[in-house]
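K.L.:
Here is my input; please provide its structure:
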Amino acid sequence: MGKTKNANANAMRNNNAKQMQKRSQDAEFASYAEVETKKMSNPKNK
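P.N.:
Numbers count the residues shown, from 1 in each chain. You can find the predicted model right below:
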């Protein structure tokens, strides 16, 4: 069973904001890494 939603509303919002920030940072890093790997695999750059 999951947690019940009877906790402090401010604490819940803060926790949700932290989780969303971490997800956006991970996605931003992944897109940066994809661009770098495309640059490295492009034969025109050699």
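
K.L.:
quick one: low-confidence ranges for this protein?
P.N.:
Applying pLDDT under 70 to the chain picks out residues 1-6, 43-46.

K.L.:
Helices of the chain, residue ranges please.
P.N.:
9-41 (DSSP state H).

K.L.:
distance of the most centrally placed residue in the chain from Ser41?
P.N.:
Taking CA atoms, centre = their mean, the centroid of the chain lies closest to Arg23, which sits 2.2 Å from it. Using CB to CB, to the nearest Å, we find Arg23 at a distance of 27 Å from Ser41. Backbone N, C-alpha and C define where each C-beta goes, glycine included.

K.L.:
do you know how far the residue nearest to the centre of the chain is from Ala9?
P.N.:
21 Å.

K.L.:
Burial check on Asn14, number of neighbours?
P.N.:
Neighbour count for Asn14, taken as other CB atoms under 10 Å: 11.

K.L.:
do Glu36 as well
P.N.:
Neighbour tally, Glu36, other CB under 10 Å: 10.

K.L.:
I'd like the distance between it and Asp26.
P.N.:
For Glu36, the distance to Asp26 - CB to CB - is 16 Å.

K.L.:
ok, now Val35?
P.N.:
From Val35 over to Asp26 (counting by CB to CB), the distance is 15 Å.

K.L.:
One more: Ala17?
P.N.:
15 Å.

K.L.:
same deal with Lys18?
P.N.:
Distance, Lys18 to Asp26, using CB to CB: 13 Å.

K.L.:
on that earlier part again, so what's the residue nearest to the centre of the chain up against?
P.N.:
By CB atoms under 8 Å, 6 or more residues apart in numbering, the contact list for Arg23 is empty.

K.L.:
distance of it from Phe29?
P.N.:
11 Å.

K.L.:
Please apply the same query to Asn10.
P.N.:
From Asn10 over to Phe29 (counting by CB to CB), the distance is 29 Å.

K.L.:
swap in Glu36?
P.N.:
11 Å.

K.L.:
cool, Lys18 as well?
P.N.:
Lys18 is 17 Å from Phe29, by CB to CB.

K.L.:
what's the answer for Ala9, then?
P.N.:
31 Å.

K.L.:
What about Asn42, how many residues nearby?
P.N.:
There are 9 residues near Asn42, going by other CB under 10 Å.

K.L.:
No further queries at this time; thank you.
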